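[1] Provide a 3D model corresponding to the input given below.
(one chain, ligands or ions: 1)
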Amino acid sequence: MKEKQCVEKCSVCEQNNENGIHICDIYICENCEREIVNSDVSDEFYRYYLQKLKKLKHSLLNIS
Ligand SMILES: [Zn+2]
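    Next up, the predicted model:
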């Protein structure tokens, strides 16, 4: 999935990446999205991600 966006700052890794997705108000770059999709719930990255985006946890779980 490729969507052209303006260069925006990823909410997870805090790097600018023009390829990514928006979920509500947050932006996730394709690298982090891939990490999340490949993550296990017990995975460290996934935990980190949920901490970052705690508010949107439920909607995020629905995308994968
Ligand atoms: Zn990222």
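[2] Output the contacting helices and strands for the lengthiest strand in the chain.
    Secondary structure of the chain per DSSP state E: the longest strand is strand 16-23. Packed against strand 16-23, as judged by 3 or more C-beta pairs under 8 Å, 6 or more residues apart in numbering; DSSP states H and E, are the following elements: strand 4-9, strand 26-29, helix 30-38, helix 57-63. The way it works is simple: take the backbone N, C-alpha and C, and place the C-beta from them, glycine included.
[3] Show me what the mean pLDDT comes to for it.
    What strand 16-23 shows for mean pLDDT is 88.
[4] cool, and stretch 53-64?
    60.
[5] ok, now how distant is the residue sitting nearest the centre point of the chain from residue 35?
    The centroid of the chain falls nearest to residue 28 when counting by C-alpha atoms, centre = their mean (3.7 Å). According to C-beta to C-beta, to the nearest Å, residue 28 stands 9 Å off from residue 35.
[6] and this structure, which of its residues are near the ion?
    Along the chain, the residues adjacent to the ion under the rule C-beta under 5 Å from the ion are 10, 12, 13, 29, 32.
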